[in-house]
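Enquirer: Show me how the following folds:
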Amino acid sequence: MKRAYLIEIKPTTEQISKIRQTIGVCRYVYNLYISKNKEAYESEGKFLSGYDFSKWLNNIHTKECDQWIKEVSSKAVKQAIMNGDKAFKRFFKGLSKFPQFVG
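Expert: This next block holds a predicted model:
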C-alpha cells in the first residue's frame, strides 16, 4: 500500500518574497532562452543548447543591471534553462509544438 503525506508549509513574509523572486527569475530566464533560440532558429536555423546558453548567461551577469538574477539559487536558474532545452529538443524530435513563452 502506498501512502501519501500532506505537509502544509507556513513561510514567513521574507520566505514568501524569496519564493516569488525565484519564480520570477526562473520565468525571465526561461523566456530569455526561448527568445534567443527563436531568433537563432529563424535567422540561422540553429539551436542554442542549454549548456551554451548557461555559459552566455554567466558572462552577461557581469553587468550591474543583471545582478538580480544572481540573487536566487543557481540551481533554480539552471533548471529553468534545462526545461527550455528539453522543450526545444522535443520540438526538433517532432514530439511537441514550438516552445511557448511562460506568462
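Enquirer: Identify the residues contacting Ala87.
Expert: With contact set as Cβ atoms under 8 Å, 6 or more residues apart in numbering, Ala87 has these partners: 34, 96, 99. In short, each C-beta sits where N, CA and C put it, glycine included.
Enquirer: Which strand or helix spans it?
Expert: Taking DSSP states H and E as the criterion, the element that holds Ala87 is helix 74-92.
Enquirer: for Glu42, same thing?
Expert: Judged by DSSP H and E, Glu42 forms part of helix 13-44.
Enquirer: Not counting its neighbours along the chain, what's nearest the residue positioned nearest the centre of the chain?
Expert: The centre of the chain sits closest to Ala80, judged by Cα atoms, centre = their mean, with a distance of 2.4 Å. Nearest residue to Ala80 in three dimensions, chain neighbours excluded: Cys26, at 4.0 Å (Cβ to Cβ, 6 or more residues apart in numbering).
Enquirer: again with Lys36
Expert: Excluding the flanking residues, the one nearest Lys36 by Cβ to Cβ, 6+ apart is Leu48, at 5.9 Å.
Enquirer: and the one you found, how many neighbours?
Expert: Here the count is done by other Cβ atoms under 10 Å, and Leu48 has 17 residues near it.
Enquirer: Can you pull the phi and psi angles for it?
Expert: In terms of degrees, to the nearest 10, the main-chain angles of Leu48 are phi -90, psi 120.
Enquirer: on that earlier part again, got a list of what the residue nearest to the centre of the chain touches?
Expert: Neighbouring residues of Ala80 by Cβ under 8 Å, 6+ apart: 25-27, 29-30, 33.
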